[in-house]
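Chemist: no sequence on this one, just coordinates:
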């Protein structure tokens, strides 16, 4: 019997959104194992620490038995090889995402011919959603419960010092 196909879903997830969770959930139905790999990028200033993001994601994907959460730094294809993964998952929200994602997929292919990139489009209701948008709305006290899992609402409220009433209009 063949080993289950391992897929990596890399990203900064700062914070994880319902769009990310949708991609993770759908990927878990397509692949034997999905590793949500939180990228440690020293050039970016994250709102949440690497450890916080790993913990947050672990909390919201705990119901998916074939999903694990990990972190890494360096090239994604090196991490994928180390984990025995054959697939990289990338989410597409709009046509504007496609050019950069295609370029990244082709570059990864030159580095690791054995690793495929699979693109999943987000559900229409998440096509506008990004972590940056969520952080800006949260920072300004807007409602975000329809954009992120409930533990992330709480984490953002705490981080920005915003009352939950103003975030759950």
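Modeler: Received, thanks. For clarity, every value in this text was computed on a predicted model and none was experimentally measured.

Chemist: now the strands for this structure?
Modeler: With DSSP state E, the ranges of strands along the chain come out as 6-11, 33-39, 67-72, 87-92, 116-121.

Chemist: and these, which is most packed in?
Modeler: Ranked by average neighbour count under the criterion mean count of other CB atoms under 10 Å, the strands of the chain are headed by strand 33-39 at a mean of 24. For the C-beta atoms, the positions are set from N, CA and C on the backbone; glycine is no exception.

Chemist: quick one: it to strand 6-11, angle?
Modeler: For strand 33-39 against strand 6-11, the angle by axes from the mean of the first three to the mean of the last three CA atoms, to 10 degrees is 30 degrees.

Chemist: what's the mean pLDDT across strand 33-39?
Modeler: Mean pLDDT, strand 33-39: 98.

Chemist: confidence score at residue 44?
Modeler: Reported pLDDT at residue 44 in the predicted model: 82.

Chemist: now for it, how many residues are close by?
Modeler: A total of 9 residues lie near residue 44 under the criterion other CB atoms under 10 Å.

Chemist: how about the contacts made by it?
Modeler: 12, 14 (CB atoms under 8 Å, 6 or more residues apart in numbering).

Chemist: from residue 13, how far off is it?
Modeler: Using CB to CB, to the nearest Å, residue 44 is found at 12 Å from residue 13.

Chemist: who's residue 68 bridged to?
Modeler: Note on residue 68: beta-bridge partners by DSSP bridges are residue 35.

Chemist: any chance you could map the helices in this structure?
Modeler: Secondary structure of the chain (DSSP state H): helices at 18-30, 50-61, 76-83, 95-111, 131-139, 150-160, 164-167.

Chemist: list the buried residues of the second one.
Modeler: When you say that, I think you mean helix 50-61. Residues of helix 50-61 classed as buried under the neighbour-count rule (16 or more other CB atoms under 10 Å) are 50, 52, 53, 54, 56, 57, 60, 61.

Chemist: now those as a markdown table including distance to residue 99 and pLDDT?
Modeler: Shown next, in a markdown table, are the buried residues of helix 50-61 (distance: CB to CB, whole Å; pLDDT from 0 to 100):
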| residue | distance to residue 99 | pLDDT |
| --- | --- | --- |
| 50 | 28 | 96 |
| 52 | 31 | 97 |
| 53 | 27 | 98 |
| 54 | 30 | 98 |
| 56 | 30 | 98 |
| 57 | 27 | 98 |
| 60 | 30 | 98 |
| 61 | 29 | 98 |
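
Chemist: having no further points to raise, I will conclude here.
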